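Colleague: Sharing a model that was predicted from the sequence below.
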Amino acid sequence: MVNALGAGKILNPNTSSHRLVRYLSTEEVGNMLDGLLLLSEQVFRTRYKRESRKSAPVLLFDLSEAEELDWLTDYFRIIENYYSNTLRSEKALLLYLS
């Protein structure tokens, strides 16, 4: 999987590191999409379930709620479609990290 948060070119290099604005070129958008497609919805759901069974799971989400997995899976599909549409349009992608 490609790391979207650390990827891309920095647009404002003289800014403090926690407020960097980056963009992904069309090629990098394609790499991100490849990573998302490789991950797949099924693998995403499997990783989520594996994490929820740990004694100390990641606390970003309430992993005990079945609806949470459905919501996150829907969000995963939205992100996948966003990258697909961006690539199809041959556009770059702006990432802002704050």
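Modeller: Good, I have the coordinates.

Colleague: Look at the residue in the chain sticking out farthest from the centre and give its secondary structure.
Modeller: Farthest-out residue of the chain from its mean C-alpha position, per C-alpha atoms, centre = their mean: Asn14, at 25.8 Å. Asn14 carries the three-state label coil when classified by DSSP: H, G, I helix; E, B strand; the rest coil.

Colleague: What distance do you get for it to Val21?
Modeller: As judged by C-beta to C-beta, to the nearest Å, Asn14 and Val21 stand 11 Å apart. Glycine gets a C-beta too; all of them are placed from N, C-alpha and C.

Colleague: Same check on Lys49?
Modeller: Plainly put, Lys49 is 35 Å away from Val21 if you go by C-beta to C-beta.

Colleague: Neighbour count for the two, which is higher?
Modeller: Neighbour totals were compared for Lys49 and Val21, and Val21 leads with 16 against 11 (other C-beta atoms under 10 Å).

Colleague: Let me know the pLDDT of that one.
Modeller: We note a pLDDT of 73 for Val21 in this prediction.

Colleague: just so I have it, where are all the helices in this protein?
Modeller: 26-52, 66-88 (DSSP state H).

Colleague: can you list these in a markdown table and add mean pLDDT and distance to Leu94?
Modeller: Supplementary listing: the helices of the chain in a markdown table, determined by pLDDT from 0 to 100; distance: least, C-beta to C-beta, whole Å:
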| stretch | mean pLDDT | distance to Leu94 |
| --- | --- | --- |
| helix 26-52 | 87 | 11 |
| helix 66-88 | 88 | 10 |
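
Colleague: In a markdown table: the ones you listed, plus distance to Leu60.
Modeller: Conversion of the helices of the chain to a markdown table gives the following (distance: least, C-beta to C-beta, whole Å):
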| stretch | distance to Leu60 |
| --- | --- |
| helix 26-52 | 10 |
| helix 66-88 | 10 |
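
Colleague: closest one to Leu95 among these?
Modeller: When those are ranked by proximity to Leu95, the top entry is helix 26-52, at 10.0 Å, counting by C-beta to C-beta.

Colleague: I'd like the distance from the closest one to the chain centre, please.
Modeller: The chain centroid and the centroid of helix 26-52 are separated by 8 Å, computed with C-alpha atoms, centre = their mean, to the nearest Å.
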